[in-house]
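Student: starting from these lines, generate the structure:
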Amino acid sequence: MTQGYVIGLAEVALGASVATLYVAGWTPLVEAWPHIKPAHAWLNLIGFVSLVIATTMVHFFPTVVGARISRRRSTRITVVGLAAGAPLVALGFALASDAVARVGAISVATGAAGLAVYAWRTWQPRAHWTTDPDWHRFAIGGLVSAIAWFEVGIAVATARVLAFGADPAAWRVDAVTGPLIVGWIALTIVASATHLIPAVGPGHPTAHARQRHILGRASTLRLATINVGVAVLSVGLPFQLGQLTAAGIVGVAIGLAATAVLLGVAVRIGVR
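Tutor: Model (predicted):
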């Protein structure tokens, strides 16, 4: 976990440096921006955000589902695959090297597969919670859904690199907005907050019980709304289907907004 976090920080520092030089108008970078832009995206979205979340899942996912936290071979595959693969893809774009970009894409895909294996092996011996089923359903279902969308998003991103190489056409933000940005990142955030606020947030046991009850309201409906919205958005946005895109945005917005309201109420209860 420490290795994953340190490498993630290094990659976001590199990505931020690239963006700063571009904004400052450094001529060599501006002229090469068509190739640097996808490299910058890979460093930040995959090399930093996704690596940090995936590394956190090694500890957090077993906690939420009720299983032992264990170090498995799949955890090392996850961290090493993502940590090494993202900068390789970025380097491939920067150097216009198809071979380097494709090797990096294979490494990232392997890391994503490692997370799926880890989640599956953690899920099998889990305990079964006997209280607050609705609260657990949203927290657990949200994390499981987020990992599933991560696999979809990485499959799309790496498949494009394998198909197009280091060509700038290999990176399309609209192709990964649904599965990676909304399904992976946003869903992980709301599911994690749902678990953490009553677990480690302010308040006494009675307040935490009220929080769990509130955060479990319409859990299945909210999960379904968000996931259907992500699925529709993931199809509509890359294929430029306006009605599908709009429907996906509405579904995601309703599900996330409802969850945000419940999280706000829960926080207020704890603070008071």
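Student: hey, let's count contacts and neighbours off CA atoms from now on
Tutor: Fine.
Student: chain center to stretch 210-223: distance?
Tutor: 22 Å (CA atoms, centre = their mean, to the nearest Å).
Student: distance between the ends of it?
Tutor: One end of stretch 210-223 to the other measures 20 Å (CA to CA, to the nearest Å).
Student: do the same with stretch 166-182
Tutor: End-to-end for stretch 166-182, by CA to CA: 25 Å.
Student: before we move on, what SS does Gln240 have?
Tutor: coil (DSSP: H, G, I helix; E, B strand; the rest coil).
Student: lowest-confidence helix or strand of this protein?
Tutor: Across the helices and strands of the chain, the lowest-confidence element by mean pLDDT, DSSP states H and E is helix 27-31, at a mean of 90.
Student: just the C-alphas of that helix, formatted as CSV.
Tutor: What follows is helix 27-31, C-alpha atoms only, in CSV (Å, rounded to 0.1, in the frame of the first residue of the first chain):
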residue,chain,number,x,y,z
THR,A,27,7.2,25.9,-26.7
PRO,A,28,8.5,22.3,-27.0
LEU,A,29,5.6,21.0,-24.9
VAL,A,30,3.0,23.1,-26.6
GLU,A,31,4.2,21.9,-30.0
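Student: how about residues contacting that helix?
Tutor: Leu21, Tyr22, Ile36 (CA atoms under 8 Å, 6 or more residues apart in numbering).
Student: quick check: buried residues in it?
Tutor: Counting neighbours by 16 or more other CA atoms under 10 Å, one finds that the buried residues in helix 27-31 are Leu29.
Student: hang on, the earlier thing: just the buried ones among the contacts of helix 27-31, please.
Tutor: By 16+ other CA under 10 Å, the contacts of helix 27-31 give Tyr22, Ile36 as buried.
Student: among the contacts of helix 27-31, name the ones in helices.
Tutor: Leu21, Tyr22, Ile36 (DSSP state H).
Student: residues in contact with the last one?
Tutor: When the contact criterion is CA under 8 Å, 6+ apart, the partners of Ile36 are Leu29, Ala90, Phe93, Ala94.
Student: average pLDDT for the helix or strand the last one falls within?
Tutor: Spelled out, that is Ala94. Per DSSP states H and E: Ala94 is located in helix 73-95. Mean per-residue pLDDT for helix 73-95: 95.
Student: same thing with stretch 177-184?
Tutor: 97.
Student: cool, stretch 112-125 as well?
Tutor: 96.
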